[in-house]
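>>> sequence first, then the predicted structure:
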Amino acid sequence: MASLDFELEKRIFRKYYDSNRPLFEEAKSDYIRAINSLIKQSDVGEVTKVEGRVKDKEECIKKFHRKYQNKLEVDEQVYEIKDFLSDLIGIRIVCLYEDQIAVVSEVLKSHFKIIDVTDKIAAIESTEDLFGYKGLHMDLASDGAMAALPECQSFIGYPFEVQIRSLIQDAWSVLDHKIKYKKSIPNDLKRRINVLSALFELADREFKEIRNATVELMQQATVDSINESLADDGEVNCGTSTAANGKTVNAFNFLRVAGHFFKDFEFEDYKVDNFVQDILKQDNDFKRSDLHKSLIGNFKTIREYRDEFMVENPESAFSPYTSIRHCLYLYDQKTFCRILSKGPRDRFEIWLTNSRASHQ
């Protein structure tokens with residue numbers, strides 16, 4: 001029963017906490033599963049971590065004492081400690097980028113009841129004090145619709161706090177908690193901490209801008225026709241020499257060229273990156289127009305070789321990467337001698353010899 005006796009209420013809370021701790025843990029796990037499911041169903045982007053914890057009971061008591069006890073007792077308002085703990089269950093969501101925080105927040109707001117929101121990003125940016133980590137804190141509870149679902153029964157009646165941060169903000173929060181006596185340290189040390197905080201903020205911003213630029217390049221690599229893009233770069237079309245100001249092949253323009261020839265194949269980012277690096281090891285000035293010409297000039301021949309190879313070796317694979325390797329080899333055998341390993345290269349040479357002989 002509620003009272004104004006803090007010692008009595010502490011004992012009651014400890015008993016309540018100990019007897020319900022397994023339920024808190026179960027509710028925490030169910031909240032994590034529910035949030036993961038909501039994120040997967042929404043257009044949020046990559047979230048690197050969703051984790052949770054049940055707050056230590058003594059920390060709960062300390063927080064109540066610090067934030068609520070004095071005012072309640074001054075107002076002679078009876079209390080039970082458990083009624084003032086919206087963060088007994090805590091969930092942390094870490095996004096890759098800062099602009100995902102608002103998106104995740106909207107997803108949660110549409111599925112949970114909002115108790116309170118604390119925007120630490122706005123709070124810090126509105127002052128000159130750069131100490132402290134940024135992030136969005138929300139106190140939430142199950143709403144009526146969610147409370148009716150059978151899989152949500154374990155956490156009905158248990159509010160929770162969710163902290164949403166970017167990857168950079170999460171890293172800074174770890175360091176921030178290790179910095180002691182921040183308000184009373186010498187000014188020169190304060191300035192150094194401010195510089196460090198600013199560097200983390202700059203990293204967050206640059207990380208986002210790099211993502212935006214990468215997405216723009218990826219979109220550009222799939223929108224324009226290949227001949228238009230070559231002309232835009234000052235590169236001439238197939239059958240003529242490469243213009244002096246032509247673009248060196250990279251992961252983005254490789255996709256534009258290769259995607260033109262292999263429209264139904266999904267090129268994975270990391271494989272494209274490794275493959276382009278392999279090409280540049282053979283010729284560090286290899287142009288996108290060179291790649292285009294190697295495919296235009298040799299694609300038909302390699303397709304014939306691939307078809308015969310697959311008939312004779314039905315258990316083997318002959319991917320678009322393999323086709324491009326053979327096209328490059330035919331395009332410039334001296335430069336790309338090592339683009340094929342010895343076995344495939346010897347087998348291909350035998351086929352070329354036989355093919356040429358049969359056409360004479």
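That came through, no problem. Just so we're clear, the structure is a prediction, and the values are computed from it rather than from any experiment. Numbering: from 1, shown residues only.

>>> spell out the secondary structure type for the nearest residue to residue 166 once chain neighbours are set aside.
Of all residues beyond its chain neighbours, the one nearest residue 166 is residue 98 (4.3 Å), with distances taken as CB to CB, 6 or more residues apart in numbering. (Each C-beta comes from the backbone N, C-alpha and C, glycine too.) What DSSP: H, G, I helix; E, B strand; the rest coil gives for residue 98 is coil.

>>> report the contact partners of residue 98.
Residue 98 sits next to 121, 166, 168-169, 204-205, 208 when contact means CB atoms under 8 Å, 6 or more residues apart in numbering.

>>> could you pick out the buried ones from the residues you listed?
Among the contacts of residue 98, those classed as buried by 16 or more other CB atoms under 10 Å are 121, 166, 168-169, 204, 208.

>>> CSV for those, including distance to residue 36 and secondary structure?
As requested, these are exported to CSV (distance: CB to CB, whole Å; DSSP: H, G, I helix; E, B strand; the rest coil):
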residue, distance to residue 36, secondary structure
121, 23, helix
166, 18, strand
168, 22, helix
169, 20, helix
204, 24, helix
208, 23, helix
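
>>> can you list the residue ranges for helices in this protein?
Assigned by DSSP state H, the helices in the chain fall at 6-41, 57-64, 70-74, 100-109, 120-125, 144-147, 167-176, 187-223, 226-232, 251-261, 269-282, 288-312, 320-331, 342-358.

>>> just give me the lowest mean pLDDT stretch among the ones you listed.
Of all these, helix 226-232 carries the lowest average pLDDT, namely a mean of 56.

>>> give me the residue at the spatial middle of the chain.
What sits nearest the mean C-alpha location of the chain, by CA atoms, centre = their mean, is residue 46, with 3.7 Å.

>>> gap between stretch 9-24 and the chain center?
38 Å (CA atoms, centre = their mean, to the nearest Å).

>>> which parts of that stretch are buried?
Residues of stretch 9-24 classed as buried by neighbour count (16+ other CB under 10 Å): 9-10, 12-13, 17, 20, 24.

>>> circling back to that earlier point, the helices of the chain: which one's closest to residue 86?
Each of those has some distance to residue 86 by CB to CB; the shortest is helix 57-64, at 10.2 Å.

>>> show residues contacting that closest one.
Residues outside helix 57-64 that contact it (CB under 8 Å, 6+ apart): 10, 13-14, 17-18, 81, 84-85, 87-88.

>>> out of the helices of the chain, which is closest to residue 160?
Ranking the helices of the chain by proximity to residue 160 (CB to CB) places helix 6-41 first, at 5.7 Å.

>>> next, the angle helix 100-109 makes with the closest one.
Orientation note: helix 6-41 sits at an angle of 110 degrees relative to helix 100-109 (axes from the mean of the first three to the mean of the last three CA atoms, to 10 degrees).

>>> for helix 6-41, name the packing helices and strands.
When contacts are defined as 3 or more CB pairs under 8 Å, 6 or more residues apart in numbering; DSSP states H and E, helix 6-41 packs onto strand 47-54, helix 57-64, strand 89-95, helix 100-109, strand 160-166.

>>> give me the distance from stretch 47-60 to the chain's centre.
Distance, stretch centre to chain centre, for stretch 47-60: 22 Å (CA atoms, centre = their mean).

>>> likewise stretch 255-267?
Counting by CA atoms, centre = their mean, stretch 255-267 comes out at 24 Å from the chain centroid.

>>> what's the answer for stretch 107-122, then?
Distance, centroid of stretch 107-122 to centroid of chain: 22 Å (CA atoms, centre = their mean).

>>> then stretch 250-266?
Centre-to-centre, stretch 250-266 and its host chain are 23 Å apart (CA atoms, centre = their mean).

>>> now swap in stretch 197-206 and tell me
Put simply, stretch 197-206 sits 17 Å off its chain's centre (CA atoms, centre = their mean).

>>> now distance to residue 140 too, for the contacts of helix 57-64, in a markdown table please.
Shown next, in a markdown table, are the contacts of helix 57-64 (distance: CB to CB, whole Å):
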| residue | distance to residue 140 |
| --- | --- |
| 10 | 27 |
| 13 | 22 |
| 14 | 25 |
| 17 | 21 |
| 18 | 25 |
| 81 | 20 |
| 84 | 16 |
| 85 | 14 |
| 87 | 10 |
| 88 | 13 |
